[in-house]
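Asker: Let's see this in three dimensions:
(one chain, ligands or ions: 1)
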Amino acid sequence: MKTQNVASKKTVWMSTEHNPPHHDRQYAVDDKVVLNGQGSMCSSTQQQFNPWILVDLGAIYNPTYVTLFNRIDDVGYRLHDVFVSFGETNTDFPVDCGQYKGPGVNTEVVHIVCQKNARGRFVKTEIKGSTEFLTLCEISILTS
Ligand SMILES: [Ca+2]
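Answerer: This next block holds a predicted model:
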């Protein structure tokens, strides 16, 4: 079966936005992974406690795995203690996909294989338990 990135060009929300407009939330789903210095053209929150990026897939899907593209140029270690979960509303995310302990390295591509029967419309990617920037150049959510 052909896999499909159901996050592509969908609507994204972030807990905060670092240095607008260089890290706009839509960069996370624009189908591009760009090396542009200072992580620009990658989505990034401010440095804050429990930062998150939320993708609205527009309909309910059964994702197989989620792929996170870390920033390319520098400070890749900021990606750590990441939890990906799903919900059918944008306020509650009861379905775990999986997690990534990290710390990441520059250019790292993180595949998180979802637990079986993971299902939802809203996908939350969150660094839990830390005050950190959450910077992602792309989020792919694959269904088959
Ligand atoms: Ca991108």
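Asker: For the rest of this, base every contact and every neighbour count on C-alpha atoms.
Answerer: Noted.
Asker: low pLDDT regions in the chain?
Answerer: Scanning the chain for pLDDT under 70 picks out the ranges 1.
Asker: need the longest strand for it.
Answerer: Under DSSP state E, the strand in the chain containing the largest number of residues is strand 52-61.
Asker: Mind listing residues that contact that strand?
Answerer: Here strand 52-61 makes contact (CA atoms under 8 Å, 6 or more residues apart in numbering) with 6-7, 10-15, 25, 45, 88, 90, 119-127, 134, 143.
Asker: switch to 7 Å and redo it
Answerer: With contact meaning CA atoms under 7 Å, 6 or more residues apart in numbering, strand 52-61 is reached by 6-7, 10-15, 119-127, 134.
Asker: List the pairing partners of the next helix-or-strand element following it within its sheet, with orientation.
Answerer: As assigned by DSSP states H and E, the chain's next helix or strand after strand 52-61 is strand 65-69. Note on strand 65-69: by DSSP bridges, its sheet partners are strand 109-113 (antiparallel), strand 138-143 (antiparallel).
Asker: Now tabulate those strands in CSV and tack on mean neighbour count and distance to residue 82.
Answerer: Below are those laid out as CSV (neighbours: other CA atoms under 10 Å; distance: least, CA to CA, whole Å):
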stretch, mean neighbour count, distance to residue 82
strand 109-113, 17, 10
strand 138-143, 23, 13
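Asker: Can you lay out those strands as TSV showing distance to residue 56?
Answerer: Shown next, in TSV, are those (distance: least, CA to CA, whole Å):
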stretch	distance to residue 56
strand 109-113	18
strand 138-143	11
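Asker: Between those strands, which one is closest to the ion.
Answerer: Closest of these to the ion is strand 138-143, at 4.2 Å (criterion: CA to the ion).
Asker: Could you tell me how far that closest one lies from the centre of the chain?
Answerer: 8 Å (CA atoms, centre = their mean, to the nearest Å).
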